[in-house]
Each structure stands twice: as structure tokens, then as C-alpha cells.
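# Whatever this is, show me its structure:
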Amino acid sequence: MINKIHIGLLCCLFQAVTAFAQPAHQLAANKKWVFGNHAGMDFTPATPAGFPANILTAEGSSSIADGNGQLLMYATLDTIWDRNGAIMPNGGGLLPAVPLTGLGAPGSCDAQSLIVPFLKDAKKYYVFSLTSYSTSANSVLAGNDPAAGRLYYSVVDMGLNGSFGDVVAGQKGIQIDSMLCDRLVAVKGGACNIWVVAMRNDGSAIHAFEITTAGINPNPVVSPCSNTVGTLDISPLFQMNSGSMRASSDNKTLAVSLSGVALELVLSPFALNFYGGSFQLYDFDNVTGAASNQRTILPPPSTLFSFDQQVYNICFSPDDTKLYLTHGVLVGLGLSQYDITSGVPATIAASAVALNSATIGWGSGLRLGSDDKIYVSGTDMSQLGLIPSPSLHRIESPNLAGAAANLVLNAVNLAPGSFAGLGLGNPTVGLPPVDTTFNVHNITVCAPENTTNLSVPSDPAYTYLWDDGSTANTRTVPASGTYWVMYGPVCPKIFDTFKVEAVDVRFSLGPDTTMCTKDFAYLLDPGVDGASYLWQDGSTNREYTVTKEGQYFVNVSRSGCTASDTTNVSIVDLKQDLGEDTVVCKKQPFAITLNAYAPPGATVQWSTGSTDLSIVVNSTGKYNVRVSKDGCEGQDDYVVSDELCDCIVGMPNAFSPNGDGLNDIFAPVIEAQCKVAGYLFNVFNRWGQLVFSTTKPGAGWDGMHNGQPAESGNYMFTIEYEKGTKHNRYTLKGDVTLIR
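Residues are numbered from 1 along each chain as shown. So this is what the prediction gives:
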């Protein structure tokens, strides 16, 4: 706020500030700001940067952007602009009953505009307007000026005007309070609500207006407070009226700057002390809207009639442990840090650390950026007047104590032609959580477990109600079913639904298996439906065909449950091979050794009764062996038969073909059952003439030649053939006598 110094020695400063003061506006709470003379700051890129905006003001602007950081609108006391910098069709003249110029017109203040989102309609916003009290025509008499200290609101619908937004007809410039001082802040509530907090013009009470889904409650929560300073305060109006109000990031502490000058007269011992401003801390219950535990932190008294340490702009550190103040006009300039963790006024006052005492002063605005750094407007208070700056200072590490906070002067340049004034825009709040949040949890219980423990976060401030009526934050339930719990603070309430499924993936590949042959195909099947499988060789099919001995295992998983099993497949191959059956020669001795295949631990049984690995056979017949082990058996037969490998042959030396049935044929005499092959038998007379020839085995000469009986006498013969199974070649030449 400007124009708040009511001391005649600085009337020239008052005039200079008045000339500069214009309505101001601010951008989105976290991502964009608009302020000062056509200035804006964009926090959407990694490195914040200035941008130009259609605004001209010293302080008191407000703005808001959507979740993507796009500017939606900005406002000052009496005007609302769309994102393109055009005044909304119905966005001018928000306060038609209030004179904005001339005698009785309200002055500028830090809190003259504030944007707050609707809770039930994402397209609508409240735009609050607060008329300044202390610079109005009759402000020296508290409550005497009807135009000052009034709080109004208008409703903007971003769905109007082609989605550029406009003020809703009939919801413009609605007054809800009066007799307020120049402080207004939005605080996110703890009951799914938002609080708009102001202060009475005499500092006697804090008013908190609740915004819910039903709208604005016009009846504020009133928290009485005291504005007493010292033993004698000759300027309570100046002490309480000027300054700003901010809320901590946890929405549980309010800070109020006191910008005026207080005089303290101490009679015994006599002392005349001047206090150049101070600040106050209040505890804030963001559920009920009540403020309490007022603490006034005074700087050391000055023995000179001066304005040193006047406090106007304030800002919490991101972790709410520090409070930063800009103070001083001409003298007592500075930016100071206070450690507020103790909560004790004297301790807080003693913790002050000056970060700058040259140019930053009472008129330098402070604001916490979305990057958790505090930005300081560069307004120069070291000269007689406000010298706006084209850059912003920045506190790089505001959570750290003292010089470690690292104030960097002129850290960010504004857009060309842009300047910062007294303020950087009035911060607003994001939407609180919806009043009810629904969550669904799918939980799997793996057999053999048949129960599970359900739990939700434990908090002493929470209440719990399960579907069975239990009221703890944990519960043991069966492993199959649907269960729910409602829990949380007053708001938001959280509904968690737990869908519990019992999953059994247990299985067995069966006992270790012995196969009785090398040629086999053994199927392994875990038998778990709907599961995924991973076998020892990386295959993922449900079934696995085993074709050789070894160890086999599989991991089975479904819905987060896993099981595994291993089986060993071994081979006991007892196949017997005694060899090919054998034929031996009759009347010849033989000895054949038969060998069984029997691995260790196997038993052998021969058809001869022997249990040895080998037997020797020397007679014809059928021999059998059986070998058994681990339920497997192998057997084979071996047959020994005999045959005439060779045979005895005789040739008569005479024959008499007279038909008496004795020696009528001349033929070889061959042993019975002797096999004959390749037979050739020829007979010649004494002149070498062939008289008989045959290839029929066993056939002979009957003494006939050319159909006539051959003459008695000697004849020559030749005979050759293969005899026996060994096909021994038999050849003979000789004489034979034919007798008649």
C-alpha cells in the first residue's frame, strides 16, 4: 500500500507517491505475476523471465492462471482484464458507488484486489475489491468515511466472452464488509474451504469469510485482538491501518505488518520512545477461521523522531521458519530476516538480520515465487520519492539463516519498458482438495495365507469408519472380498475400497521320475490357469516336454503371487541285446558267451537260472535274460540252432541197371538232409563221348544212352557241387563199371 505516511515532514513524498499510484494487478498464484508499470513475471520456463503486460499500478494487483500456467485474467480495485490485456466487457467499474477520484476517493493499498477460485465450478472466480481506508478524506476519524475500508466481490465466468471471461450480470460489486484496514489475504482451509481474511480498521478484530461449495458466507468469523503498543500510543490508526497481511504456506499462521509510527511516553523514569513500525503474528485455525495468540514484534525504540524501520511488505520463507520485512523511508532502510520459530516476541525481535540497508526499503514489494525463492521489487527508497526499477532482486535460499539466504541484487530483468512499484501482486490460493476422494486398491493374497491386513494412514486428527463398523486405521480381513473405509479430517474425507483376491499358484511337477528308455517324451504341466511361466531354459509355455534326463524347474506367477518347483528326470535304460541268433554246425562242438547289460544296482536273471552277467552256452536252444532296476526291465532272447555245415558223399564204382531195384542207378550217395547246390554230373564212354549229364541234385545215370541200354564196360565220370550249409565245393573224377 502507498500514501500511508501521515507525518507533515514527508508531505512531498506523499505527493510523489500519489502521482505514481495506479490500480495494479497480479498473474497466476504460482506461475505468472503481473504488477507495476506494464510488468510481468513468467515462472513456467526453467528460468523465470519478465514479460510485458497491459497494466499501470503501484500495488494491489491480482491475477490467476490455469494449471498449465496460462494467464486467465488480472485485476485491480475497479477493473478486470482478460489474458490478452483487454478489459472484460463487463469488467470495468466494479465499484460504481465508490468515487475513485477527487475528495473522498479511497487510496491505493496492497490488498485492493484478490482473486479466489470457486470450489464447485472450475470456470468461475471471485474477484475481491478492498477500498483503502487510511488515505481517504476523513480517515483521521475511524469509520467516518463511507467510501473507505469496504470489501466487495464480483464473479467472473471464464466460459463467457468466447472463453476470455466476463463478469456475471448481477454479480458485480457486491459489498460484504466495511470498516476494514488495508489488509486482505486468501488462506486455503482445512475443511475443503477457502478463507478470505481481513482486519478491522482499528486493529481490534480479524474477519474471516468462509468460501465453500455453497458460496461466500457473508457472516465472517470474528476474532478479537489487541492493538495496544507501549504505555501511550498517540497514533493507533496509523499503527494498525497501513501494511499488508500474508499467510504461511501451511495456512496456519498470519503475519501482519504495521507501517505507521507509534509514540510511547514513559513517565517514570521519563522517556519518550518512537517505534517506527512493527509486525504481528497470529495463529490461524484454517478449519474454523479463528485467529488467536496475537504476538506483536517491536523493533528497538528510537530516540529520534524518524521513520526508521517502518514495515510494509512481508513474506514467509517456504518452510515458514523465517519472515522477511522491507522497512524504512530515507533512513532505516533495509531488508531484514526474522526467525519466527520460537514464537516468543522478544526472541523473534532479537533474531533480526539485515540483508540490505542501502536501497531496499519500505516501498519494496516481497513475494514468494513458485521456485521457492523470494523476489524483491527494486524500488529505490533512498531518495525523496519512489524510484521504480526495471529489475527484481532475489533471495536465493530463503530457508537459510542470515547471509546464507543469499540476496542477489538485480537478479532478474523485467521486460523492456517495464518497472516494478511497491508490490509484486497479491498472492492467491489454489483449489483445496475436493470434499471426498475415492481410491480403489486391488490387493492379492497369496496362498497359503488366507487373511490380510488392510491399513490407511494413521493421524490423531483423523476419524475412521470401516464397512463393518470398526474405527481403527487397520483391519484384518479374509483373503477374498471387497472392503471399504472412510477416513480423514473434517475435510476432505477419503474413501478407500480394497478389493482383496485370494490367489493360489501352488503346484507340483510331481516326484522325481525315472524313464526306462532313452527314447521317451515326458510332459510336465504345472496346471495353473491364467498364470505366466518361466522354465529353466527360458521358455514360457505352460507345458514342457522332457526328452532327456536332467533337472527341470519352473516359476509360476499370477497377480503378484509366485510359486516354483523342481523335478529330476533320470533314465534307466536296460535294453538288452544278446546279438543275432546263431546256427552251429551239427556234430561240431561250440561255446558261445552271452553278455547282459546291467548297470550298478540292477538284477540279472537268465533262463538257465543263472544271475551272472554272462553265461556260456554249448548246446542248441532258446536262451533268455531279464535285467531289472527301479521298476524298469529289459530282456532279450538268443536262439542257438544247428545245421549240416558239410556232409558225407560216396560214389559207387559199379552199378547194374537190370531193374532189380539194387544198384540200378549210378549216383552219388549224399548224407540225408544235406543241402546241395550247383550240381553238375557227367558220364563219358571210353571214347570220351558224353552219355549222361544232369544238374538236378541227387539225380543219377540209369545206364541208358540215346534211348538204348549202354554197353557193359567201364565209363568215366565227373561230378561237382556245393554241399552243406557251408557250401563246401565237392569235385570228383573217376571210373565206374556198368554191369549187365
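# can you give me the helices for this structure?
All helices of the chain, identified by DSSP state H, fall at 11-20, 236-241, 345-350.
# What lies in contact with the last one?
Put plainly, it is helix 345-350. Leu281, Arg295, Thr296, Ile297, Leu298, Pro299, Pro300, Tyr338, Asp339, Ile340, Ser342 (CB atoms under 8 Å, 6 or more residues apart in numbering). Yep, even glycine has a C-beta here, placed from its N, CA and C like the rest.
# what's the pLDDT at the closest residue to the first one other than its chain neighbours?
Once its chain neighbours are removed from consideration, Leu281 has its nearest residue in Arg295; the separation is 4.6 Å (CB to CB, 6 or more residues apart in numbering). Reported pLDDT at Arg295 in the predicted model: 90.
# how much space is there between the spatially most central residue of the chain and Phe51?
Nearest residue to the geometric centre of the chain (CA atoms, centre = their mean): His441, 14.8 Å. Relative to Phe51, His441 is positioned 45 Å away (CB to CB, to the nearest Å).
# same thing with Thr131?
Counting by CB to CB - Thr131 and Phe51 are separated by 30 Å.
# More neighbours: which of these two?
Legend: neighbour count by other CB atoms under 10 Å for Thr131 and Phe51, higher for Thr131 (28 against 17).
# What residues does the more buried one make contact with?
The contact partners of Thr131, by CB under 8 Å, 6+ apart, come to Leu77, Leu95, Val98, Pro106, Gln112, Ala147, Ala148, Gly149, Arg150, Tyr152.
# can you tell me which of those lies nearest to Trp484?
Nearest to Trp484 out of the contacts of Thr131 is Tyr152 (CB to CB; 44.8 Å).
# Is that closest one in contact with Pro96, as I believe?
No: checked against CB atoms under 8 Å, the pair Tyr152 and Pro96 is beyond contact range at 10.3 Å.
# So which of the two has more stuff around it?
The neighbour comparison of Tyr152 against Pro96 (other CB under 10 Å) goes to Tyr152, with 22 against 10.
# measure the more buried one to Asn685 for me?
Remark: distance between Tyr152 and Asn685 (CB to CB) = 164 Å.
# And for Tyr375?
Tyr375 sits 150 Å away from Asn685, going by CB to CB.
# Look at these two and report which has more neighbours.
The residue with more neighbours, out of Tyr375 and Asn685, is Tyr375; 25 against 17, by other CB under 10 Å.
# what about the nearest residue to Ser248 once chain neighbours are set aside, how many neighbours?
Using CB to CB, 6+ apart and skipping residues adjacent in sequence, the residue nearest Ser248 is Asp320, 4.3 Å away. When neighbours are counted by other CB under 10 Å, Asp320 registers 18.
# Next up, phi/psi of Asp320, please.
phi 70, psi 20 (degrees, to the nearest 10).
# Show the model's pLDDT score for it.
pLDDT at Asp320 comes out at 97.
# surely it meets Ser249?
Yes: between Asp320 and Ser249 a contact is recorded at 5.6 Å, counting by CB under 8 Å.
# what about the stretch 151-300 of the chain, any weak spots by pLDDT?
Applying pLDDT under 70 to the stretch 151-300 of the chain flags residues 227-241, 260-277, 299-300.
# mind listing what Val456 touches?
Tyr464, Asn473, Val485, Tyr487, Ile494, Asp496.
# Check whether Ser570 really touches Asp512, as I assumed.
Yes: contact criterion CB under 8 Å: Ser570 and Asp512 qualify, at 7.2 Å.
# intersection of neighbour lists for the two?
Between them, Ser570 and Asp512 share no contacting residue, judged by CB under 8 Å, 6+ apart.
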